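1. the following block contains a protein sequence and its predicted model.
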Amino acid sequence: MNQVLSSLGFGIVTASILLPAAIGFTLQFSATNVLNIGFGSQMTLAAFIGYVCTSHGVGLWYALLLAGVFGGVTSLLLNRFLLTPFMRRGTTFFGMIVITIALSLVLEYTIEAIWGPQSVFYPLSTGGTVHLGSMSFTGEQLVIIGIGVALALATHALLRYTRTGKAMRAVAGNAPLARASGVPAQRIVDLAWMLSGFMGGAAGVMLGISLSSVSFTMGDTLLVEIIAAAVLGGVGQVYGAMLGSVVIGVLLEESAIVLSGAYAPISAFAVLIIVLLIRPTGLFAGTAKAKGVAA
Amino acid sequence: MTVTATEAPRDVASHLLLDKVTAGYGGPPVIRDVCIGVERGKIAVVAGPNGAGKSTLVKAIMGQLKVTAGSVHLAGRNITNDSAERIARHGIGYVPQSQDVFEDLTVWENLEIGGYLLSKKKSHQRALELLEIFPPLARMRHRTVGQLSGGERKMVAVGRVLMLEPSVLILDEPTAGLSVPLTEQLFEVHVRALADTGTAVLLVEQKATEALRVADWGYILVSGEVEVSQSAEGILGRADIGEVFLGGSSSIVGDDDEEE
């Protein structure tokens, strides 16, 4: 029981990292219908930018903010100047996936070329831990949980209560109709990609803090977990992605009790396969189905 | 809107005017030399069999398809090939044949998106006005549109487009999937009322008999060209036209998409 509870603590931390990552991934997909395999590498790149900041004396949390901004700007540029031109030429859904796989590889090996194959380390405080029953958290882990939850709540508030957020949902659901209603769709899409890049960048640094180190392949494992969370919730469904993140995050850490830690990512794959078998449209069926992506 | 009814005398050129419009999907043109006009306060119907180019015509007006020759004018201003967003700003409201609502949004949010170009306060006021015009919508304002029936969705679609008080309203096959009573209600109550407030209404219908009954003028499109341009009454009175141009009088409403 104690083990289950203490793993739950890790699960909450992992879920808090997955939250912004899966939200970002889903926002991109719902805005432009691009399943961006490069998302994991973009997160890694932002995490390295965070490392560069800390090694120049920037505080850890400011570094996280800067990495988020960097992630947002690169995401916007990538969509505008790489992906959109292909979309305009009528590249198919699967063609776009191949392009993002290429992007992912280019980014990853660029990172390796610059910072080398070894992990780099974030300067973490050696402060004490906070105990909650059999769960224990470091101060940094508590902040990570706070940031993850805050980003999810902020996304909710944006999409529900602001004009821009509603326009984002409208463009995601039916772009031509949004345009015919006078919504500047291109600007809304730009904003969605910027936001998703910010989320991804922040999540990259959060993962780096959680692991205390960052390596050039960090994004690969994470991408599987993000996709599992997104698919579980129904691809393109932001609220589904939030629920999916919590489920996958907790499941990953709990499964580490049975499987040895190194094999824990298998459970993300397992969930992905089971969901695709049983309910390919995810828990929150909707956009994905309408876009003809899932069965 | 750009021009009020009093500034546009009846005998002057139409409010919305298509002058020899040619358009298509990159291959040979689907519509050729189409001349169509609608005045403010009037209802014009564009009818014609499946594949005649009705949807192409609408998309060409709405900036979703390139006009390769000819021009589109609104209140005397050339709006040919303007972007869809600008055309909305000019005051043309468009209800597409299908996918005419934001399914994941609530009724109220659909109206809000319709009023995206308005100030927040104005948009709120206008949405309340529309809930008065369409009382059933008021009761379901917080429901997600994807869960509504066909008739209710069409009401949302029309309400959304009226948010900007367009000077031109284009309805593409609005009755596809609607019951006969709903069709009659849509045409005889809502569309007529809109025209009476000075809106120029362009109705695109495959089975156009009901539409022609409320309309002032009718155009019949065949193979991408205007075959007939006559008063609605005149068209309804023609003995030869029912079967050939209006697709017969069978009760099944053709709601399948056109040439695309």
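-> Cool, got the structure.
2. can we go C-alpha only for contacts and neighbour counts from here?
-> OK.
3. neighbours of A:Leu276, how many?
-> A count of nearby residues for A:Leu276, using other Cα atoms under 10 Å in any protein chain shown, gives 17.
4. in the helix or strand encompassing it, what's buried?
-> In this assignment (DSSP states H and E), A:Leu276 forms part of helix A:265-278. Of the residues in helix A:265-278, A:265-268, A:271-273, A:275-276 count as buried by neighbour count, 16 or more other Cα atoms under 10 Å in any protein chain shown.
5. now do that helix: distance to the chain's middle.
-> 18 Å (Cα atoms, centre = their mean, to the nearest Å).
6. CA atoms of that helix as PDB?
-> Output of helix A:265-278 as PDB, limited to C-alpha atoms (Å, rounded to 0.1, in the frame of the first residue of the first chain):
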ATOM      1  CA  PRO A 265       7.500   3.200 -20.600                       C
ATOM      2  CA  ILE A 266       6.100  -0.100 -21.900                       C
ATOM      3  CA  SER A 267       2.900   0.600 -20.000                       C
ATOM      4  CA  ALA A 268       2.400   3.700 -22.100                       C
ATOM      5  CA  PHE A 269       2.700   1.600 -25.300                       C
ATOM      6  CA  ALA A 270       0.300  -1.000 -23.800                       C
ATOM      7  CA  VAL A 271      -2.300   1.700 -23.100                       C
ATOM      8  CA  LEU A 272      -1.900   3.100 -26.600                       C
ATOM      9  CA  ILE A 273      -2.400  -0.300 -28.100                       C
ATOM     10  CA  ILE A 274      -5.400  -1.200 -25.900                       C
ATOM     11  CA  VAL A 275      -7.100   2.200 -26.600                       C
ATOM     12  CA  LEU A 276      -6.600   1.800 -30.300                       C
ATOM     13  CA  LEU A 277      -8.100  -1.700 -30.200                       C
ATOM     14  CA  ILE A 278     -11.100  -0.900 -28.000                       C
END
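7. name the helices or strands packed onto that helix?
-> Judged by 3 or more Cα pairs under 8 Å, 6 or more residues apart in numbering or on different chains; DSSP states H and E, helix A:265-278 is in contact with helix A:218-233, helix A:238-258.
8. what packs against the first one?
-> Pointing back at helix A:218-233 there. With contacts defined as 3+ Cα pairs under 8 Å, 6+ apart, the packing partners of helix A:218-233 are helix A:2-32, helix A:39-55, helix A:238-258, helix A:265-278.
9. okay, B:Asp256: pLDDT?
-> Listed pLDDT for B:Asp256 reads 42.
10. the helices and strands packed on helix A:265-278: which one's closest to A:Gly165?
-> helix A:238-258 (11.9 Å; Cα to Cα).
11. whether the closest one contacts chain B - can you check?
-> No. Using Cα under 8 Å from any Cα of the partner chain, helix A:238-258 stays clear of chain B, with a minimum separation of 11.8 Å.
12. repeat that for stretch A:159-168.
-> Yes. Counting by Cα under 8 Å from any Cα, chain B is contacted by stretch A:159-168 at A:163, A:166-167.
13. since we're on the closest residue to B:Leu117 other than its chain neighbours, how many residues are nearby?
-> Distances taken as Cα to Cα, 6 or more residues apart in numbering or on different chains put A:Gly182 closest to B:Leu117, at 6.2 Å, once the chain neighbours are dropped. Residues near A:Gly182, counting by other Cα under 10 Å, number 25.
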